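K.L.:
okay, sequence plus prediction incoming.
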2 protein chains.
Amino acid sequence: MTSPLSGAARGGRLPPDEPGKSLRVTGSVTIRSLRLLELFTPAAPRLTLSDLARKSGYPLSTVHRLAGDLIEWGALERDSSGRFTVGLKLWEIASLAPRGTMLRELAMPVMEDLSQITRENVQLGVCEGTEVVFVERIAGQKAVPVHTRVGGRFPLTASGIGLALLAYMPADVQEAVLAAPIEKFTERTITDPSVLRRVLAEIRRSEVAISDRQVTMDAVSVAAPIFERPGTAIAAVSLVVSAEGASPSTLVPLVRAAARTISRAVRPRPPL
Amino acid sequence: MTSPLSGAARGGRLPPDEPGKSLRVTGSVTIRSLRLLELFTPAAPRLTLSDLARKSGYPLSTVHRLAGDLIEWGALERDSSGRFTVGLKLWEIASLAPRGTMLRELAMPVMEDLSQITRENVQLGVCEGTEVVFVERIAGQKAVPVHTRVGGRFPLTASGIGLALLAYMPADVQEAVLAAPIEKFTERTITDPSVLRRVLAEIRRSEVAISDRQVTMDAVSVAAPIFERPGTAIAAVSLVVSAEGASPSTLVPLVRAAARTISRAVRPRPPL
């Protein structure tokens, strides 16, 4: 049996480099080239050769050679002002990532239904390392503003999607997340590991995660896990609504039904 | 002035390798590694080590080493059955491609409006080399089926989006496209270069491209170019509707208005 979406349950990714921190100079030539790609961020999607040299800590001549390879293959492009950007060819190949665009394509019809029925924000996310990566987002037309970016990251411990994913992660990963400092976004963000442990147990029982003003004081999110196999959550889908007048109990069945429909779409099909 | 989207007007990409054709063994180590990524296709998004060796023509030991680097960095992942897939980390970085996800994010609100107003298929594409790459697609709920895939390619000469893009390409690229064999999809596909030349001139005059049953006999598409600067089309947006009862004259103003709104969003902003 093959699943259209089975992928690494945990990413082996290192935390993003801090701004200004030099890249490690160890690793193969390939890895050193690929590390240049990590220097592009939502805040800095266009970089000059000297930006690349400064941010990487590599000598200018090395950056020139590595970036030349990346341009030649198409992983980077140059814009009209000569700055480097991530290339369309990389984007095309990346559209084959099972946990990215392929998951999004399977989930999109269900997400569009949720969006049209509720007119609220609909989000889809997966876990990479110890963070959520948002794979899709449909903004509700009159809904509470959300600051999610497709391809953006967020801690597992605060949002509905993050909690829904965390609840089903292996115990050692869960404990590592709970042992690390937990970022506080609002006065309602849960940062006590023992309280979070109880919340995660409740999510496993109910198969739904509710983040009530734990990310911003104006929003509530209701999320449900998408299971590739029983107990194995590979993604989660959520509705994010205004905290004012929010009625999670109305939204829970909708979100759970959507998650189940997407789960069926991503599940391995038995051979005919 | 900086534009959020200015990018390579023409991709430097080579045509995709034919199935079974070995990769060139020239090029730097980085390029040889990156070429392994090109072996993943929509039809074959999961490959074993021996698939990679067979398709690349590289020795198994070389593939093992290069794939190891790609796994270590996160460009590839392994699924539950041990096969290689494109990794989420590549997808995350690729989401910063100005002509991919960034364009899509700017265009999406307008595309959603078009979708809700018409209930038809809405598409967004850019030109890479001598082909269209589809960057986004919203399927209409009761609309004619379209077989576009986000990240998929299509010739410039048949679809509305392709014609809208081709009309604004540099003359030498246009002539190269018209000189090459032109694929015939239906009895109505235009394959005569002199007829196509007249069609492209008309598109430049009207700023709209209509592909009437030129891709499939059941569909008409109406597309309009998205201009970064006057005369420089960086993308195109289209509605694809059923050929039966289609009224392009009703759709033209809607699509042109949508393209203009997206053009304003992608245009360089003068410094304040």
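P.N.:
That came in fine, so what should we check first?

K.L.:
quick check: closest non-adjacent residue to the residue of the stretch 1-150 of chain A at minimum distance from chain B.
P.N.:
Nearest to chain B in the stretch 1-150 of chain A, going by Cβ to the nearest Cβ, is A:Ser95, at a distance of 2.7 Å. (C-beta placed from N, C-alpha, C; glycine too.) Closest residue in space to A:Ser95, ignoring its immediate chain neighbours: B:Gly151 at 2.7 Å, by Cβ to Cβ, 6 or more residues apart in numbering or on different chains.

K.L.:
next one: A:Tyr168
P.N.:
With Cβ to Cβ, 6+ apart as the criterion, A:Tyr168 has its nearest non-adjacent residue at 3.7 Å, and that residue is A:Ala233.

K.L.:
next one: the one you found from chain B, what distance?
P.N.:
As judged by Cβ to the nearest Cβ, to the nearest Å, A:Ala233 and chain B stand 14 Å apart.

K.L.:
how about that residue, phi and psi?
P.N.:
phi -90, psi 120 (degrees, to the nearest 10).

K.L.:
can you tell me which residues contact it?
P.N.:
By Cβ atoms under 8 Å, 6 or more residues apart in numbering or on different chains, the contact list for A:Ala233 reads A:164-165, A:167-168, A:225-227.

K.L.:
again, only this time at 6 Å
P.N.:
A:165, A:168, A:225, A:227 (Cβ atoms under 6 Å, 6 or more residues apart in numbering or on different chains).

K.L.:
now render those residues as a markdown table, adding pLDDT and secondary structure.
P.N.:
Shown next, in a markdown table, are the contacts of A:Ala233 (pLDDT from 0 to 100; DSSP: H, G, I helix; E, B strand; the rest coil):
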| residue | pLDDT | secondary structure |
| --- | --- | --- |
| A:Leu165 | 97 | helix |
| A:Tyr168 | 96 | coil |
| A:Pro225 | 97 | strand |
| A:Phe227 | 94 | strand |
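
K.L.:
select, from the residues you listed, the two members most distant in space.
P.N.:
With distances taken as Cβ to Cβ, the most widely separated pair in the contacts of A:Ala233 is A:Leu165 and A:Phe227, at 11.4 Å.

K.L.:
when those two are compared, which one has more neighbours?
P.N.:
A:Leu165 (26 against 20; other Cβ atoms under 10 Å in any protein chain shown).

K.L.:
quick one: buried residues of the lengthiest helix in chain A?
P.N.:
Counting residues, the longest helix found in chain A (DSSP state H) is helix A:248-266. By neighbour count on 16 or more other Cβ atoms under 10 Å in any protein chain shown, the buried set for helix A:248-266 is A:248, A:251-252, A:254-256, A:258-263, A:265-266.

K.L.:
quick one: list the elements packing against that helix.
P.N.:
On a contact count with 3 or more Cβ pairs under 6 Å, 6 or more residues apart in numbering or on different chains; DSSP states H and E, helix A:248-266 meets helix A:103-118, strand A:219-229, strand A:232-242.

K.L.:
rewinding a little: the residue of the stretch 1-150 of chain A closest to chain B: neighbouring residues, count only.
P.N.:
By the measure other Cβ under 10 Å, the count of residues near A:Ser95 is 26.

K.L.:
with the one 3 residues further on instead?
P.N.:
Here the number of neighbours of A:Pro98 (other Cβ under 10 Å) works out to 26.

K.L.:
what does A:Ser194 give?
P.N.:
Using other Cβ under 10 Å, A:Ser194 is surrounded by 9 other residues.

K.L.:
now do the residue of the stretch 101-250 of chain A at minimum distance from chain B, the pLDDT please.
P.N.:
Using Cβ to the nearest Cβ, A:Gly151 is the residue of the stretch 101-250 of chain A that sits closest to chain B, at 2.7 Å. The model reports A:Gly151 with a pLDDT of 85.

K.L.:
which SS class is it?
P.N.:
Secondary structure assignment for A:Gly151 (DSSP: H, G, I helix; E, B strand; the rest coil): coil.

K.L.:
state whether it and B:Ala94 are indeed in contact, as I suppose.
P.N.:
No: in this structure, A:Gly151 is not within contact of B:Ala94 by Cβ atoms under 6 Å, at 7.9 Å.

K.L.:
who has more neighbours, those two?
P.N.:
B:Ala94 (29 against 23).

K.L.:
how close does that one sit to chain A?
P.N.:
Distance of B:Ala94 to chain A, given as Cβ to the nearest Cβ: 3 Å.

K.L.:
if I look at that residue, how far off is B:Asp51?
P.N.:
B:Ala94 sits 22 Å away from B:Asp51, going by Cβ to Cβ, to the nearest Å.

K.L.:
and the nearest residue to A:Leu251 once chain neighbours are set aside, what pLDDT?
P.N.:
The shortest distance from A:Leu251 to any non-neighbouring residue, by Cβ to Cβ, 6+ apart, is to A:Val222 (4.5 Å). At A:Val222, the pLDDT value in this model is 97.

K.L.:
contacts only, for A:Val222.
P.N.:
Neighbours of A:Val222 in contact, by Cβ under 6 Å, 6+ apart: A:160, A:210, A:239, A:248, A:251-252, A:255.

K.L.:
format those as JSON lines; extra columns: pLDDT.
P.N.:
Shown next, in JSON lines, are these (pLDDT from 0 to 100):
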{"residue": "A:Gly160", "pLDDT": "96"}
{"residue": "A:Ile210", "pLDDT": "96"}
{"residue": "A:Leu239", "pLDDT": "96"}
{"residue": "A:Pro248", "pLDDT": "84"}
{"residue": "A:Leu251", "pLDDT": "93"}
{"residue": "A:Val252", "pLDDT": "95"}
{"residue": "A:Val255", "pLDDT": "97"}
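
K.L.:
what's across from the residue nearest in space to the middle of chain A in the sheet?
P.N.:
For chain A, A:Val133 is the residue whose C-alpha lies nearest the centre (Cα atoms, centre = their mean; 0.7 Å). Per DSSP bridges, the residues bridged to A:Val133 are A:Val126, A:Arg153.

K.L.:
on that earlier part again, tell me what the residue nearest to A:Leu251 is bridged to.
P.N.:
Beta-bridge partners, per DSSP bridges, of A:Val222: A:Ile210, A:Leu239.

K.L.:
A:Ile161: how many residues sit nearby?
P.N.:
31.

K.L.:
apologies, that question was intended for A:Phe134.
P.N.:
22.

K.L.:
gap between it and A:Arg260?
P.N.:
21 Å.

K.L.:
same question for A:Ser95.
P.N.:
Per Cβ to Cβ, A:Ser95 is found 26 Å from A:Arg260.

K.L.:
do A:Ala246 as well
P.N.:
Distance from A:Ala246 to A:Arg260, by Cβ to Cβ: 22 Å.

K.L.:
now do A:Gly57
P.N.:
48 Å.

K.L.:
get me the contact residues on the stretch 151-272 of chain A for chain B.
P.N.:
Those residues of the stretch 151-272 of chain A that sit near chain B, judged by Cβ under 6 Å from any Cβ of the partner chain, are A:Gly151.

K.L.:
quick one: low-confidence parts of the stretch 151-272 of chain A?
P.N.:
A:268-272 (pLDDT under 70).

K.L.:
flag the shaky bits of the stretch 1-150 of chain A, pLDDT-wise.
P.N.:
For the stretch 1-150 of chain A, the ranges with pLDDT under 70 are A:1-26.

K.L.:
for it, what lies in contact range of chain B?
P.N.:
Contacts of the stretch 1-150 of chain A with chain B, taken as Cβ under 6 Å from any Cβ, map to A:6-8, A:13, A:28-31, A:33-34, A:37, A:40, A:45, A:69, A:73-74, A:77, A:79-80, A:85-86, A:88-101, A:128, A:150.
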